[in-house]
Every structure is written in C-alpha cells, then in structure tokens.
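Participant: What shape does this take:
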Amino acid sequence: MRLRICTWNVNSVRLRAEQAARFVAEQAPDVLCLQEIKCREGEFPVNAFVEMGLPHLKIAGQKSWHGVAIASRLPLGAAPPLQVCREGHARCVGATVAGVEIHNFYIPAGGDTPDRVQNPKFDHKLDFYEKLTAELGRRDPKAPLAIVGDLNVAPGEFDVWNHRYMSKVVSHTPVEIEAFRALEASLGFIDLMRETTPEPEKLASWWSYRAQDFRASARGLRLDHILVTPGLRDAAFRLGAPAARIHDDVREWERPSDHAPVSADLVL
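Facilitator: Now for the predicted structure:
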C-alpha cells in the first residue's frame, strides 16, 4: 500500500481549513501533519477534517500559539511520547499509522540572535535538538520511524538562497546545522526530499511574507522536513527512487501560509 505523508506549517488551522481541504482533495495525503495550528484541542475544526476524509485526529493544542496535529485517513495508534520541550509548549505529537511511527514537530525558531547566552530562545532551540537527539539515540534504527515537521533549520548550502549571507542568520548558522546533522546521525535518518532532489539543486519550503512576489524574490529556506529511519528505506525506495515533493504552488494561493506543504510516499 502507498502511504503518503505530508507536513505543513499551516500558520492557523482555523484560518486555512478551506485551503487544507483543497490540498487534500488535490494531493490525497493519507497522513497530514500540521504545525502552528494556533488553537486549543477543543477549537480545532474537527468536522472540516472529517469531511475531507481525514477523520482520525491527534491534537496537541495551545491557546494562540504553537500547536501541532496529525490528521489521518487511517486509524491512529499510540506512539511513545517524545516530550523534549523544556518550556512545555505544544510542539510535538506522535502516532502510529499502518505500522509506521510518526512524530510531528514544530521546533522553536530561535529568535534573532544566534547566541545561547544572550538569547534564551536560541538556547531553547538548541536544547530541544539536543534532548530530541539523545532520546532518538536510544531507539532502534531498524524500526519504522519518521520525524516530520517544521524543524526550523535549513541544513544544506543549497537549502538557502545565499549560503554565505545566511550562515550568520538564525536557521542556517553552523551550530544549528551541527545540531540538525547530529539529529540525522542519531538513527541514520534519510532525508527523503534530498534523496528525491539531490544537491546542488536549490530547494525551499518557506518564504517571507515581506516579499510581494515570493518567486521573484527567490529568498526561500528549506525548513520543513520528512526524515525516516533505515527501517523505512525499503519502503521509500521500493519504486526505485523516493517520491518526495515540496508543493510550492500552495504558497501562491490566496492568503497562504508562509510555508509550503512537503510530502513523501512510502510503499509498505
């Protein structure tokens, strides 16, 4: 069976429920992982997701800020929690779908100053990565596990519009890239988007609202990721090569999120 997993920082699920319905109708994800839902559990538009064919929900909400959710066509089972946010924010939700353990993250952006001492938000971001990497390092790499979401790091030279400039900007600084690579190394995670579209082709999944035309400005960052363990390598490569995609056309829709959805197919 094909399992299409999609991640999308939707930047308010209530504001963009209609866009979510359009995306689901066009792309038919089996599992839609949302970040920045910006609502509490009881405020989530459950009926809208039932109507779009994703009735199985797991929601970790928070008033006005953060919040993550998994919406699925298939039943959701329990998954061991990965509670690694020291601030207690709603930044992670996990579930098992068709035997695949999926954890959906909204990792802190980190503020403006890339200094752990001067900027508590940046310290929180790196602490989040460190705790998550340590937790995952205790797992079995052969187990079918996916880490998805807005991980708020553009890890590669070609995941930013200008590597030299962005190396001094939060999201692409050397210490953040080191933290991201340590997370990847913890279980030998496979970056499905880069397996589909290798470097040196540039990729982006986020563009600032400040640009009137995001394509013309071309100053995007690849902040949204789908990483899978070696236990899912066969499922990802079963058709010869991974099928992962950034749906940047969604960024052109009216009143869009600043993030585009990212999807990947597993053949189980």
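
Participant: Skipping its backbone neighbours, what lies nearest T173 in space?
Facilitator: P114 (4.5 Å; C-beta to C-beta, 6 or more residues apart in numbering). The C-beta positions use only the backbone N, C-alpha and C, and glycine is treated the same way.

Participant: Wait, the one you found touches V175, no?
Facilitator: Yes: P114 is within contact range of V175, at 7.0 Å (criterion: C-beta atoms under 8 Å).

Participant: So which of those two has more stuff around it?
Facilitator: P114 (21 against 15; other C-beta atoms under 10 Å).

Participant: And the residue nearest to T173, what's its pLDDT?
Facilitator: According to the prediction, P114 has pLDDT 98.

Participant: Let me see the contact set for it.
Facilitator: P114 is in contact with 122, 168-170, 173, 175-176, counting by C-beta atoms under 8 Å, 6 or more residues apart in numbering.

Participant: Repeat the analysis, applying 6 Å as the threshold.
Facilitator: 122, 170, 173 (C-beta atoms under 6 Å, 6 or more residues apart in numbering).

Participant: again, but for D150
Facilitator: Contacts of D150 by C-beta under 6 Å, 6+ apart are 9, 35, 106, 223-224.

Participant: where does P114 land in three-state SS?
Facilitator: Classification of P114 using DSSP: H, G, I helix; E, B strand; the rest coil returns coil.

Participant: how much space between it and G99?
Facilitator: 39 Å (C-beta to C-beta, to the nearest Å).

Participant: cool, and P200?
Facilitator: Distance from P200 to G99, by C-beta to C-beta: 36 Å.

Participant: more neighbours, these two?
Facilitator: G99 (11 against 7).

Participant: Now do the helices in this protein.
Facilitator: 17-27, 46-51, 120-136, 163-166, 174-187, 192-196, 214-217, 233-237 (DSSP state H).

Participant: between those helices, which gets nearest to Q83?
Facilitator: Among those, the nearest to Q83 by C-beta to C-beta is helix 120-136 (8.9 Å).

Participant: Which residues does the closest one contact?
Facilitator: By C-beta under 6 Å, 6+ apart, helix 120-136 touches 82, 84, 86, 107-108, 110-111, 114, 116, 179, 182-183, 186-187.

Participant: Quick one: mean pLDDT for it?
Facilitator: Mean predicted lDDT for helix 120-136 stands at 98.

Participant: Could you dump the contacts of D150 into a markdown table with distance to H66 and neighbour count added?
Facilitator: Converted to a markdown table, those look like this (distance: C-beta to C-beta, whole Å; neighbours: other C-beta atoms under 10 Å):
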| residue | distance to H66 | neighbour count |
| --- | --- | --- |
| N9 | 11 | 24 |
| Q35 | 8 | 31 |
| Y106 | 6 | 26 |
| L223 | 15 | 25 |
| D224 | 16 | 26 |
